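K.L.:
Quick one: sequence and predicted model below, then my questions.
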2 protein chains.
Amino acid sequence: MLAGRLGSVVVILEAVHRRHNVSAIMRSCECFGVHEVHLITDGFKPSKGAARGSERWLEIHRYTETAPAIQAVKDRGFRVYIADLMEGAFSPDTVPMDEPIAILMGAELTGVSDEARALADGAICVPMHGLTESLNVSVAAACILQRVTERRRLERGGGDLPSETQDQFFEQWYEWEVELRQGMIARSREER
Amino acid sequence: MLAGRLGSVVVILEAVHRRHNVSAIMRSCECFGVHEVHLITDGFKPSKGAARGSERWLEIHRYTETAPAIQAVKDRGFRVYIADLMEGAFSPDTVPMDEPIAILMGAELTGVSDEARALADGAICVPMHGLTESLNVSVAAACILQRVTERRRLERGGGDLPSETQDQFFEQWYEWEVELRQGMIARSREER
């Protein structure tokens, strides 16, 4: 599992505030091997436990504003693409993958902020064939991530999480497993 | 839009009961040009208006039990694939597309029923690279539909909705547009 994990694809959630959407996006990140999620909370507090345990396996960075979040990933060499239907938006198949990539998802009703739009390197959208032309934010995130992570893995022949992060992650997982097993043993003793 | 609409890919929802999931799946169907959704309600009532208007553009069939729903699409020549992580499950890239295809999504916590499992022609799942190994049901549906509808469109050179269904659909859309415009005109008169 660790060998397929990606450090070079990250997700930024800008004021996505419905609990089930944040939850579903974190689960998708974990399932597609995306290791980092950047939450711009903009005053709201995402509920704890919203991601059904998947947040345990994610590195979560929190910001209260958009610009510092984008700057932080740009400083590390990431290109930032907003999820948006604007003209000139790339599809998940055509978005340039020569650099590490950050996908920024905007709020449910209002979409990506003007600030994010101005700071981004480009836009990405899922090709659609309907009248409503709007996917749920967690669905759009997953459709983008599925392709982008697959392309990155094909290109790199697997994951690219730095080995020190893999080690940390493994320790974290191991401790959790041990605690879980100890808990189970303790409970089964109590039951006897 | 009508030229890209698909009649040969349908979705069956078996007791998917969270309103936001049913909503998101219907929106995805509409966005990916899937024309038919089959709801097995199994006693529960999906809330009206859950799909943010996208259900207006979908043909919705309702059943109270699983077997008649599966039989109905099989009688029309569809192969039924359950969304399930079972061994031997196809990926959305490898699932056979030589026949019309129905994708059956199971309930949020319990998954696909044994009955559906026994009646299906096979299983389909989204390749994953994480520890949690479970996508939200609406996310899984969208990831499957994105690929399957794209493959079908590539293979057919576009959509394949029968022309009489396209005509019906166009009339329905046209009537809705006229009503909408009349409503807007009436409201703007009232406001003056």
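P.N.:
Here it is on my side, so go on. Numbers count the residues shown, from 1 in each chain, chains lettered A, B, ... in the order given.

K.L.:
The longest helix along chain A vs chain B: in contact?
P.N.:
The residue-count maximum for a helix in chain A (DSSP state H) belongs to helix A:163-191. Yes: applying C-beta under 8 Å from any C-beta of the partner chain, one finds helix A:163-191 touching chain B at residue A:173. Every C-beta, even on glycine, is put in place using the N, C-alpha and C of the backbone.

K.L.:
How far does that helix sit from its chain's centre?
P.N.:
In terms of C-alpha atoms, centre = their mean, to the nearest Å, the centre of helix A:163-191 is found 24 Å from the chain centre.

K.L.:
for chain B, what are the nearby residues on chain A?
P.N.:
A:1, A:4-5, A:18, A:20, A:23-24, A:27-28, A:30-33, A:52-54, A:57, A:126-136, A:138-139, A:142-143, A:146, A:149-150, A:153, A:159, A:173.

K.L.:
ok, now with 7 Å
P.N.:
Counting by C-beta under 7 Å from any C-beta of the partner chain, the residues of chain A close to chain B are A:1, A:4-5, A:20, A:24, A:27-28, A:30-33, A:53-54, A:57, A:126, A:128-136, A:138-139, A:142-143, A:146.

K.L.:
buried ones in the helix or strand of chain A with the lowest mean pLDDT?
P.N.:
Every helix and strand of chain A was ranked by mean pLDDT, DSSP states H and E. The lowest is helix A:163-191, at a mean of 80. By neighbour count with 16 or more other C-beta atoms under 10 Å in any protein chain shown, helix A:163-191 contains the buried residues A:166, A:169.

K.L.:
on that earlier part again, could you list which of the residues of chain A next to chain B belong to helices?
P.N.:
Secondary structure from DSSP H places A:20, A:24, A:27-28, A:30-31, A:138-139, A:142-143, A:146 of these in helices.

K.L.:
between those, which is nearest residue A:84?
P.N.:
For these, the residue nearest residue A:84 by C-beta to C-beta is residue A:143; the value is 14.0 Å.

K.L.:
Quick check: chain neighbours aside, which residue is closest to that closest one?
P.N.:
Here the nearest residue to residue A:143 in space, its sequence neighbours aside, is residue A:126; by C-beta to C-beta, 6 or more residues apart in numbering or on different chains that works out to 4.5 Å.

K.L.:
number of nearby residues for that neighbour?
P.N.:
Using other C-beta atoms under 10 Å in any protein chain shown, residue A:126 has 23 neighbouring residues.

K.L.:
Quick check: it touching residue A:142?
P.N.:
No: checked against C-beta atoms under 7 Å, the pair residue A:126 and residue A:142 is beyond contact range at 9.5 Å.

K.L.:
thought residue A:128 was touching residue B:31?
P.N.:
Yes: the criterion here is C-beta under 7 Å, and residue A:128 meets it with residue B:31 at 4.4 Å.

K.L.:
Looking at the two, which has the bigger crowd around it?
P.N.:
Neighbours were counted for residue A:128 and for residue B:31 using other C-beta under 10 Å; residue B:31 has more, 27 against 21.

K.L.:
what about the more buried one, distance to chain A?
P.N.:
Distance, residue B:31 to chain A, by C-beta to the nearest C-beta, to the nearest Å: 4 Å.

K.L.:
Which residues are in contact with that residue?
P.N.:
Shown in contact with residue B:31 (C-beta atoms under 7 Å, 6 or more residues apart in numbering or on different chains): A:128, A:130, A:132-133, A:135.

K.L.:
Need the CA coordinates for the one helix or strand residue A:7 maps to. PDB is fine.
P.N.:
With elements taken from DSSP states H and E, the one containing residue A:7 is strand A:6-14. Provided in PDB are the C-alpha atoms of strand A:6-14 (Å, rounded to 0.1, in the frame of the first residue of the first chain):
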ATOM      1  CA  LEU A   6       1.500   9.700  -3.600                       C
ATOM      2  CA  GLY A   7       3.200  12.800  -2.200                       C
ATOM      3  CA  SER A   8       3.000  14.700  -5.500                       C
ATOM      4  CA  VAL A   9      -0.800  15.000  -5.700                       C
ATOM      5  CA  VAL A  10      -2.500  17.000  -3.000                       C
ATOM      6  CA  VAL A  11      -6.000  18.300  -2.400                       C
ATOM      7  CA  ILE A  12      -7.000  21.800  -1.100                       C
ATOM      8  CA  LEU A  13     -10.500  22.200   0.100                       C
ATOM      9  CA  GLU A  14     -11.600  25.800   0.200                       C
END
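
K.L.:
For it, give the mean pLDDT please.
P.N.:
For strand A:6-14, the per-residue pLDDT values average out at 95.

K.L.:
got any ranges where chain A has weak pLDDT?
P.N.:
The model of chain A has pLDDT under 70 over residues A:42-54, A:192.
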